[in-house]
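A.B. asks: Could you work out the structure for the sequence below:
(one chain, ligands or ions: 2)
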Amino acid sequence: MAVNVISASPIDGQVPGTSGLRKKTAAFMRPGYLENFVQSVFDAIGGAEGKTFVVGGDGRFFNTEAIQTILKMAAANGAVKVIVGQNGILSTPAASHLIRLNKTDGGLILSASHNPGGINQDFGLKFNTANGGPAPESVTHEIIRCTAAISQYRIEQSADIDLSAIATLTCGDMLVSIVDPVSDYQDLMQNIFDFDKIRALFASGFTVQFDAMHAVTGPYAHAVLEDCLGAKPGSVVNGVPLPDFGGGHPDPNPVWAKQLMDVMMDEAAPDFGAASDGDGDRNMIVGRGAYVTPSDSLAVLAANATLVPAYAQGLAGVARSMPTSAACDRVADKLGIECFVTPTGWKFFGNLMDAGRTTMCGEESAGTGSDHVREKDGLWAVLMWLNIIAERRLSVDEIMADHWAKYGRNFYSRLDFEAVNAVAANDLMLMLRDSADALTGQQFAGLTVTKAQDYAYTDPIDQSISEHQGIQVWFEGGARAVLRLSGTGTEGATLRIYLEQYAPDAADHGRETQLVLNPVRLAILEIAEVEKRLGRTEPDVTT
Ligand code: VG1
Ligand code: CO
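C.D. replies: Ligands and ions are numbered 1, 2, ... in the order given. Purely as a prediction, here's the structure:
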């Protein structure tokens, strides 16, 4: 068989963001677009010669076509073996696990995560390194350099590989091992959790609804929750991955997972509800009548971790992204363990986990995970809750009330202003960077700023520095606002404003979140001149 060497020239804007390269599907389908980026990934890691990789995606439109291209390019670049999920399916956490289990040189995961899918929607590709985690900035910067220098790509001239059956095939001289996407991941879960306890919980009549949002977690949730743990058939809804996710955003939050929220807010709700995103790395947790914010979920899981077999000896440390609320900091304090704060994006947790400094990590955007893989893991978070409930035999709202009574409550909300003018949004951030120091002591909408800062991070392990990771503003009375621009959008810019208010007194814990956060919301909208600069007063999505 022949290797084609095709001449190529740089394509503008092939710059990975928070989580890989994410663009409109049509852009990815342009001749040479995917090929240029895949070749740049191989070039950036010193070539693919003699290497092994994991490849799989979330099943969205263009998933299998892209995989065929990647397989032919890996073969033409000299890779010896690629492990692919059957039918091209792998959740992000399962891909991370396969990379680690098989000690491969990395993996290519096809997903635009929570972004909608389809020919008119979004597609994405991310490269994970040999530790199973998202490429760190040192690697993504090298990929960007290679995309700007590319002159050719290599691709095997061969027929498409049949991905529909578990088998070992070849593409040129390269082995293609097609594996069950679920079984190794399920084994891993079985080693972490007390499956017997969770089985007994379901056997006692405990009910659950898991909304897979027509995305990749469906097969995993069916196998683990229903087939293995005995949740009653039908507990998993929207469980068949569809190329367009049924037309929705596979983003597990109260806005996009409204179907589940409606079920859970009803009197006849099941005991426990959960949802996950396009590629299965995010989770939403909701009890009967009780939505749990992701920041609170991280804190609760950290506080109760020793009830789960894999964490019975305690946690080495915890880590959260900067915009995530400080709820888990209080738990870490009480446990006497370190709490790390990192920029947004899972890649920043990798070094801390590799060094054994942190066991559990989380982000306000509904990502929670531990060092069992190097990605956030939606189903893992659900099993954590189920294992904890199986031990404590309390409802979700009882667990929350008990947690807040012990630690106080961090009211939290995020406002997303989507598809705003990118130049205006960048100017807004520049203005805040320049004026941050001068904000201290000033009053906005009746709240006094105690400190403001352009957030920069020094990795405690390799000392690498990441600057301009968001603006933090603290106010008198325990409020904080954070502003940053999204790195995963595909249209204009998305401004995210994160609001937090700490409430130590139990008397305040039952208050309505948006009411509690109204003062800090008004103050930050004024500071950032949102209306004047973006022409907007109301966010598109409030979570
Ligand atoms: C968003 C979230 C961030 C998350 C990232 C990838 O990024 O805010 O917390 O790590 O998505 O998640 P941004 O830059 O749009 O705010 V996923 O589920 O795409 O892997
Ligand atoms: Co995701």
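
A.B. asks: Please count neighbours and contacts with C-alpha atoms only from this point.
C.D. replies: Fine.

A.B. asks: ok, now how distant is the closest residue to Ala299 other than its chain neighbours from ligand 1?
C.D. replies: If the residues on either side of it in the chain are set aside, Ala299 comes closest to Cys328, at 4.2 Å by C-alpha to C-alpha, 6 or more residues apart in numbering. When distance is defined by C-alpha to the nearest ligand atom, to the nearest Å, Cys328 is 16 Å away from ligand 1.

A.B. asks: The lengthiest helix in the chain - contacts with which helices or strands?
C.D. replies: Of all segments of type helix in the chain, defined using DSSP state H, the longest is helix 422-439. For helix 422-439, the contact count by 3 or more C-alpha pairs under 8 Å, 6 or more residues apart in numbering; DSSP states H and E identifies strand 447-454, strand 471-475, strand 493-503, helix 530-534 as packing neighbours.

A.B. asks: got CSV for those, with mean pLDDT, mean neighbour count and distance to His372 too?
C.D. replies: Shown next, in CSV, are those (pLDDT from 0 to 100; neighbours: other C-alpha atoms under 10 Å; distance: least, C-alpha to C-alpha, whole Å):
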stretch, mean pLDDT, mean neighbour count, distance to His372
strand 447-454, 97, 20, 33
strand 471-475, 98, 22, 31
strand 493-503, 97, 24, 29
helix 530-534, 96, 15, 41
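
A.B. asks: out of those, which comes closest to ligand 1?
C.D. replies: With distances scored as C-alpha to the nearest ligand atom, the stretch of those nearest to ligand 1 is strand 493-503 (7.1 Å).

A.B. asks: first to last residue in stretch 74-91, what's the distance?
C.D. replies: Taking C-alpha to C-alpha, to the nearest Å as the measure, stretch 74-91 stretches 21 Å from start to finish.

A.B. asks: Please determine whether that stretch lies in contact with ligand 1.
C.D. replies: No: using C-alpha under 6 Å from any ligand atom, no contact is recorded between stretch 74-91 and ligand 1, whose separation bottoms out at 10.5 Å.

A.B. asks: what about that stretch, distance to the chain center?
C.D. replies: 23 Å (C-alpha atoms, centre = their mean, to the nearest Å).

A.B. asks: Remind me which helix or strand Arg320 belongs to.
C.D. replies: Using DSSP states H and E, Arg320 sits in strand 317-321.

A.B. asks: Gln453 contacts Asp434, doesn't it?
C.D. replies: No: using C-alpha atoms under 8 Å as the test, Gln453 is too far from Asp434 to be in contact (9.8 Å).

A.B. asks: Which residue ranges make up the domains of this structure?
C.D. replies: Per automatic domain parsing, the domain ranges recorded for the chain read 2-180, 185-407, 409-542.

A.B. asks: so for the second one, what's the average pLDDT?
C.D. replies: Read that as domain 185-407. What domain 185-407 shows for mean pLDDT is 97.

A.B. asks: wait, is Pro460 part of a helix?
C.D. replies: No: according to DSSP: H, G, I helix; E, B strand; the rest coil, the state of Pro460 is coil, so it is not within a helix.

A.B. asks: And it, its phi and psi?
C.D. replies: Its backbone dihedrals place Pro460 at phi -70, psi -20, with angles given as degrees, to the nearest 10.

A.B. asks: Now for Val179: which residues touch it?
C.D. replies: Residues in contact with Val179, defined by C-alpha atoms under 8 Å, 6 or more residues apart in numbering, are 83-86, 166-167.

A.B. asks: let's see it at 7 Å
C.D. replies: When contacts are counted by C-alpha atoms under 7 Å, 6 or more residues apart in numbering, Val179 touches 83-86, 166.

A.B. asks: and what of Lys376?
C.D. replies: Contacts for Lys376 (C-alpha under 7 Å, 6+ apart) come out as 93, 281-282, 367-369.

A.B. asks: Quick check: bridge partners of the nearest residue to Ile337 once chain neighbours are set aside?
C.D. replies: Excluding the flanking residues, the one nearest Ile337 by C-alpha to C-alpha, 6+ apart is Gly317, at 5.2 Å. According to DSSP bridges, Glu338 are recorded as the beta-bridge partners of Gly317.

A.B. asks: The nearest residue to Asn351 once chain neighbours are set aside: how many residues sit nearby?
C.D. replies: Closest residue in space to Asn351, ignoring its immediate chain neighbours: Ile461 at 6.4 Å, by C-alpha to C-alpha, 6+ apart. When neighbours are defined as other C-alpha atoms under 10 Å, Ile461 has 11 of them.

A.B. asks: Minimum distance to ligand 2: which of the helices and strands packed on helix 422-439 has it?
C.D. replies: For ligand 2, the closest of the helices and strands packed on helix 422-439 is strand 493-503, at 17.1 Å, according to C-alpha to the ion.

A.B. asks: Parallel or antiparallel, which strands does that closest one pair with?
C.D. replies: Strand partners for strand 493-503, identified by DSSP bridges, are recorded as strand 409-420 (antiparallel), strand 479-485 (antiparallel).

A.B. asks: which SSE is Glu398 in?
C.D. replies: Judged by DSSP H and E, Glu398 forms part of helix 396-407.

A.B. asks: can you pull the contacts of the residue nearest to Ile337?
C.D. replies: Neighbour list for Gly317: 337-339, 357-360 [criterion: C-alpha under 7 Å, 6+ apart].

A.B. asks: Distance check, it against Glu364.
C.D. replies: For Gly317, the distance to Glu364 (C-alpha to C-alpha) stands at 18 Å.

A.B. asks: Can you pull the residues of the stretch 201-350 of the chain lying near ligand 1?
C.D. replies: Residues of the stretch 201-350 of the chain lying close to ligand 1 by C-alpha under 6 Å from any ligand atom are 281-282, 344-346.

A.B. asks: Intersect those residues with the contacts of ligand 2.
C.D. replies: When C-alpha under 5 Å from the ion is applied, the members of those adjacent to ligand 2 are Asp281.

A.B. asks: Show me the residues of the stretch 201-350 of the chain next to ligand 1 that map onto strands.
C.D. replies: The members of these all map outside strands under DSSP state E.

A.B. asks: Neighbour-wise, give me the winner out of the residues of the stretch 201-350 of the chain next to ligand 1.
C.D. replies: Of all these, Arg282 has the most neighbours under the rule other C-alpha under 10 Å, reaching 32 neighbours.

A.B. asks: Was I right to think that residue contacts Ser276?
C.D. replies: Yes: taking C-alpha atoms under 7 Å as the definition, Arg282 is a contact partner of Ser276 at 5.2 Å.

A.B. asks: what about Asp105, neighbour count?
C.D. replies: Every residue meeting other C-alpha under 10 Å relative to Asp105 is counted, giving 20.

A.B. asks: Okay then, goodbye and thanks.
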